[in-house]
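> quick one, what's the 3D model for this:
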Amino acid sequence: MQKRSSYRVLIEGTVVCIFDLEGAVTVTDDAHNVVADIMEAGLIFERVLYRDRDDLWDEIIIKGGRFLGFRLIGEANLARAIKKSFTFQS
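Numbering: from 1, shown residues only. Here you go, the predicted structure:
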């Protein structure tokens, strides 16, 4: 059985916010599966941010319903992280 990350999801407007709950695998290392979960859930979003185990927010880049990579946001405050994420072109 494949180990999975443990996380909680919060929706802030058009942003999906993922909190890493420090399971067996980090959200960072399980990003492909986390993205698949988001897509299966049918969530409508413009951005997907995640809080890593250092309590910093970064962005998960999704194109065509698939995990593409990460974008460094590096903010501890969620509101600032959301604002900063929208300064980047999709």
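> hey, let's count contacts and neighbours off CA atoms from now on
OK.
> mind listing what's buried in stretch 77-85?
Buried residues in stretch 77-85, defined by neighbour count with 16 or more other C-alpha atoms under 10 Å: L78, A81, I82, S85.
> show me the helices in the protein, by range?
Along the chain, counting by DSSP state H, helices occupy 31-41, 78-85.
> and the top strand by length along the chain, what does it pack onto?
In the chain, with assignment by DSSP state E, the single longest strand is strand 66-75. Judged by 3 or more C-alpha pairs under 8 Å, 6 or more residues apart in numbering; DSSP states H and E, strand 66-75 is in contact with helix 31-41, strand 57-63, helix 78-85.
> make it 10 Å
Counting contacts by 3 or more C-alpha pairs under 10 Å, 6 or more residues apart in numbering; DSSP states H and E, strand 66-75 packs against helix 31-41, strand 47-51, strand 57-63, helix 78-85.
> among these, which is nearest K3?
helix 31-41 (10.5 Å; C-alpha to C-alpha).
> pull out the buried positions in that closest one.
For helix 31-41, burial by neighbour count (16+ other C-alpha under 10 Å) applies to A31, H32, V34, V35, I38.
> and the angle from it to strand 57-63?
70 degrees (axes from the mean of the first three to the mean of the last three C-alpha atoms, to 10 degrees).
> what sits up against helix 31-41?
Helix 31-41 has contacts (C-alpha atoms under 10 Å, 6 or more residues apart in numbering) with 4-7, 9, 16, 18, 25, 27-28, 42-45, 48, 50, 60-62, 65-70.
> and with 7 Å instead?
G65, R66, F67 (C-alpha atoms under 7 Å, 6 or more residues apart in numbering).
> now stretch 74-90
D55, L56, W57, D58, I73.
> returning to what we had before: pipe the helices and strands packed on strand 66-75 into TSV and attach mean pLDDT per row.
Below are these laid out as TSV (pLDDT from 0 to 100):
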stretch	mean pLDDT
helix 31-41	96
strand 47-51	98
strand 57-63	97
helix 78-85	98
